[in-house]
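# Please work out how this folds:
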Amino acid sequence: QVQLVESGGGLVQAGGSLNLSCVTSGYKFSAKTITWYRQAPGNQRELVAAISTITTTTIADTVKGRFTISRDNAKDTVDLHMTSLTSEYTAVYYCNYRTGYGEDYWGKGTLVTVSS
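Predicted structure coming up:
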């Protein structure tokens, strides 16, 4: 059973930083791409960042320069490092694993609230 568990969300002041973690289990972590998404109130879920098995990263234009992504294959985790946060980054952040058959696995999400 594939499981993804996000943590690290919370309340942060504008201009601050947060590190989110996604701990995974149930499959060969090192062989899979992991993606972070976010969903703000009233908005659709959108891609934030992804990291491949060979640590190639994809960063959405909306967070480029502020967010980075990294993985630790020994710990089966993918971290999202967020800096210079503003209220527009308030959202629930989810990590995702998509199988080669297109099946999606999601964590329950972690809430990030940026106060202005």
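
# Now Thr99. Nearest residue, chain neighbours left out?
Tyr105 (7.6 Å; CB to CB, 6 or more residues apart in numbering). From N, CA and C alone the C-beta is placed, and that goes for glycine too.

# what does the helix or strand containing the one you found rub up against?
Using DSSP states H and E, Tyr105 maps to strand 104-106. Defining contact as CB atoms under 8 Å, 6 or more residues apart in numbering, one finds that strand 104-106 is touched by Val2, Gln3, Leu4, Tyr94, Cys95, Asn96, Tyr97, Arg98, Thr99.

# buried set for it?
Neighbour counts over strand 104-106 (16 or more other CB atoms under 10 Å) mark Tyr105 as buried.

# Rounded mean pLDDT for the following helix or strand past it, please.
Next helix or strand after strand 104-106 toward the C-terminus (DSSP H and E): strand 110-115. The average pLDDT within strand 110-115 is 98.

# Who are the packing partners of strand 110-115?
On a contact count with 3 or more CB pairs under 8 Å, 6 or more residues apart in numbering; DSSP states H and E, strand 110-115 meets strand 10-13, strand 18-25, strand 91-98.

# Could you point out which of these sits nearest Ala74?
Closest of those to Ala74 is strand 18-25, at 12.2 Å (criterion: CB to CB).

# Of all the residues in the closest one, which ones are buried?
Leu18, Leu20, Ser21, Cys22, Val23, Thr24.
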